[in-house]
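Enquirer: generate coordinates for the sequence data below:
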Amino acid sequence: MGLALALDRHLPNVLAWLTAGVLSEWRATLIVREAAVLAPDLQEALDAELGEALGEGIGRLGDRQLVGHVKAIAYRLDPASVLARARKAEGDRRVSLRPAPDTMAYLSALLPVAQAVAAYAALTAAADTARAGGDDRGKGQVMADTLVERLTGQETAQDVDVEVQVVITDDALFGDDETPGQVPGYGTVPAGWVRDLLTPSAAGAAKGATGAGLGEHARVWLRRLYAHPTTGQLVGMDSTRRVFDGNLRKYLLARDGGTCRTPWCDAPIRHLDHIHDHAMGGPTTATNAQGLCVRCNHTKQLPGFTARTLTPEVQQPGAPHLVELTTPTGHTHHSTPPPLIPGKTPCPKPRIRTAPASDPPLSPFERYLTDLIAG
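Expert: Prediction:
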């Protein structure tokens with residue numbers, strides 16, 4: 001909607017090029033994005049200057065050339081606003097993590113350009129030095145390993161000494177079962193990958209690979225999680241561990257799978273929320289808690305939203321933790337945590353054998369033997 005309004009009201013030339021197929025919608029969006037810093041009258045001036053300077057030749061520019069041209073005009077028309085936006089953008093610097101295929105992940109940083117260029121140059125220099133010294137890893141691999149080493153303070157990238165929760169069955173970890181594991185907040189990982197993770201990193205087979213394993217100096221803890229055999233729900237967790245803090249928090253993150261409990265939301269958990277507000281007397285217990293993303297937790301506090309747990313405080317083993325969310329429109333939605341190991345076939349319910357109510361009648365031969373013994 002914002003794109004359509006900007007094109008219709010202030011950028012008639014850009015709208016005409018879009019209509020004629022000279023510009024794609026994406027490239028029109030790039031122009032609108034760069035023009036948004038200007039007042040409406042200056043946006044119209046930018047549009048006119050683009051028409052005079054480029055005309056339909058604008059379609060022959062690459063994306064980077066197009067953005068550079070629009071930025072130059074915008075800065076010339078109102079340098080103060082462009083500079084103010086650049087300074088304000090520095091407040092949006094952040095680091096994010098998102099899953100990638102094949103048990104990989106993207107670690108991204110939004111930085112001021114000078115800092116980003118300096119960081120990339122430092123990683124490039126480290127890679128060039130290592131390669132010149134005979135390191136057989138690829139340049140990108142050295143840069144990635146150097147990034148991890150400098151951020152974590154470890155001697156090598158594999159000596160990760162922070163907690164990475166991996167949930168896997170004991171049969172898959174110590175036996176031949178191939179039920180996949182789970183990394184809360186990431187998703188499903190192969191059982192073999194988890195076993196490799198706990199194996200010294202020299203096991204790497206591919207050139208330049210880390211072998212997925214941790215370094216020999218990395219510390220590893222195993223904590224027992226108890227899942228109900230038929231429902232797959234997390235019902236308990238071993239609290240014994242040498243490095244210990246926030247056991248309830250770890251339990252909740254493992255139970256909710258690291259993903260926001262709101263139906264249809266796929267964002268990672270950022271807040272552990274009291275379902276019945278703490279200020280209203282809600283207890284700080286696993287039953288009265290759910291993992292939510294920032295947006296859903298704030299939305300839940302708006303007028304008209306209510307949430308309650310439908311799980312009794314003392315529940316049957318394996319009963320799902322059920323939360324009911326009611327919206328201002330009166331609609332209700334229910335959520336339960338995922339199984340501890342998604343895709344694992346639940347154990348069949350045990351069959352209880354009951355003794356017969358009475359002894360079955362004797363056969364003729366059994367009656368004969370009975371009479372014979374009795375004399």
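Enquirer: every contact and neighbour count from this point should use C-alpha atoms.
Expert: Will do.
Enquirer: my guess is Lys300 contacts Cys293, does it?
Expert: No: between Lys300 and Cys293 there is no contact, the gap being 10.7 Å when judged by C-alpha atoms under 8 Å.
Enquirer: neighbour count for those two, which is higher?
Expert: Taking other C-alpha atoms under 10 Å, Lys300 and Cys293 do not tie; Cys293 has more neighbours (22 against 19).
Enquirer: which residues sit in contact with the more buried one?
Expert: In this structure, Cys293 makes contact with Thr259, Cys260, Ala267, Pro268, Ile269, Arg270, His271, judged by C-alpha atoms under 8 Å, 6 or more residues apart in numbering.
Enquirer: nearest to Glu324, of those residues?
Expert: Distance to Glu324 across these (C-alpha to C-alpha) is lowest for Cys260, with 14.2 Å.
Enquirer: how close does the nearest residue to that closest one once chain neighbours are set aside get to Gln65?
Expert: Among residues not flanking Cys260 along the chain, Leu292 sits closest, at 4.3 Å (C-alpha to C-alpha, 6 or more residues apart in numbering). In this structure, Leu292 lies at 42 Å from Gln65, with C-alpha to C-alpha, to the nearest Å as the measure.
Enquirer: the two: which is more packed in?
Expert: Using other C-alpha under 10 Å, the more surrounded residue of Leu292 and Gln65 is Leu292, with 25 against 12.
Enquirer: am I right that the more buried one is in contact with His271?
Expert: Yes: using C-alpha under 8 Å, Leu292 is in contact with His271, at 5.3 Å.
Enquirer: how about the nearest residue to His274 once chain neighbours are set aside, what does it touch?
Expert: Counting by C-alpha to C-alpha, 6+ apart, Ala289 is the residue found nearest to His274 once chain neighbours are left out, at 4.9 Å. With contacts defined as C-alpha under 8 Å, 6+ apart, the neighbours of Ala289 are Leu252, Leu272, Asp273, His274, Ile275.
Enquirer: narrow those to those that are buried.
Expert: In these, burial by neighbour count holds for Leu252, Leu272, Asp273, His274, Ile275, counting by 16 or more other C-alpha atoms under 10 Å.
Enquirer: for the protein, which segments count as strands?
Expert: 94-100, 104-110, 181-183, 187-189, 225-227, 234-237, 271-274, 289-292, 306-309, 323-326, 332-335 (DSSP state E).
Enquirer: hey, which of these is tucked in deepest?
Expert: strand 289-292 (a mean of 26; mean count of other C-alpha atoms under 10 Å).
Enquirer: next one: it to chain centre, how far?
Expert: On the basis of C-alpha atoms, centre = their mean, to the nearest Å, strand 289-292 sits 15 Å off its chain's mean C-alpha point.
Enquirer: any idea of the mean pLDDT in it?
Expert: Mean pLDDT, taken over the full extent of strand 289-292, equals 90.
Enquirer: before we move on, what about stretch 195-211?
Expert: 55.
Enquirer: next one: stretch 115-122
Expert: For stretch 115-122, the mean pLDDT works out to 90.
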